[in-house]
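# Got a sequence here, can you build the structure:
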Amino acid sequence: MFDIPALLAKIPNEYKPMAAVGIGSLMLVGLALFHGVGLHIISVQQKRRQRRLRSGRPSLAAGALLFGWSVFLMLALHIVEVTIWAFVIIHAGIVKHAYDAMYYCANAYTTLGMGSLDIDPNWRNISPIIAISGLFTFAWTTSALVDVVSSNGRLLEQLEDEREREMDMRFALRKEEWDVLKTERSDAVSEREKTRTQLSGLSFFQRRKIWREERKREEDFRSTARAQIKDLRQKERQNEEKLGPGTPTDTKDKEPQ
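Okay, here's the model as predicted:
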């Protein structure tokens, strides 16, 4: 293994500022590529999860959590980049301790300055390079964040529309269930009235037979009603599962082409 601090120490002091700029420039380009790949992965993952949310049942909480998760990943990306800078300057021998390196790089990366930490004046040119890398990546993140906010806003708007349609479906289901129950009760009452007209002048055993037939028909009415309600609920669940981009909407809800 090469002793990097020893090799860098052999550089004449008058060339160390140029060496700092060279090392910093290589790091800047590498971190820019790393940042671009990270933002691309975050964007792809967000779009995939948005498609899943659009194709399934509407969940506004899931949409909000997805937005928060994307912002967290962007923050984590910057923290990783600060850590990479700290790793480099530690192994270059510019800063000895890890906590000092993190403090120094975080201050320089966010353009706050070098803080209270003093480093070798010959290597301090690396500080503005770290700051430039932070400016590049923060600007890039801001651009990506605008897209995330915009797409998440459209997602939440669609989920809200789908939620309203879901509530309309459930209200319609309750109405249909009530109609089925009302019909079943009406049929049962009609059957009882019909039975009463047949009981006059009959013996006890004949009446008992008619009562049994009445109870059996009423049970058939209830079974039919339960089957109809079960079928209505199943269809309503299937319609809820179909909520998404392909669900027909009113003209006012359609986006202009």
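# How much space separates Arg52 from Glu193?
55 Å (CB to CB, to the nearest Å). In this view, the C-beta of every residue, glycine as well, is placed from N, C-alpha and C.
# quick one, which of those two is more surrounded?
Arg52 (12 against 9; other CB atoms under 10 Å).
# and the more buried one, helix, strand or coil?
helix (DSSP: H, G, I helix; E, B strand; the rest coil).
# Next up, the contacts around Asp152.
In this structure residue 152 is Asn, not Asp. By CB atoms under 8 Å, 6 or more residues apart in numbering, the contact list for Asn152 reads 50, 63, 66-67, 70.
# Quick check: which element contains it?
Here Asn152 sits within helix 126-199, counting by DSSP states H and E.
# now that helix, how far from the chain's geometric center?
15 Å (CA atoms, centre = their mean, to the nearest Å).
# Kindly report the same for stretch 112-126.
With CA atoms, centre = their mean, you get 41 Å for stretch 112-126.
# what does it contact?
13, 16-17, 20-21, 23-24, 89, 92, 94-95, 100, 103-104, 107-108, 127.
# Can you give me the neighbour number for the spatially closest residue to Ile132 that is not a sequence neighbour?
Residue nearest to Ile132 in three dimensions, not counting chain neighbours: Leu28, with 6.3 Å by CB to CB, 6 or more residues apart in numbering. Leu28 is flanked by 18 other residues according to other CB under 10 Å.
# Which ones among the contacts of stretch 112-126 map onto helices?
16-17, 20-21, 23-24, 89, 100, 103-104, 107-108, 127 (DSSP state H).
# Please report how far the residue most central in space within the chain lies from Leu60.
For the chain, Leu66 is the residue whose C-alpha lies nearest the centre (CA atoms, centre = their mean; 2.2 Å). Look at Leu66 and Leu60: by CB to CB, they are 11 Å apart.
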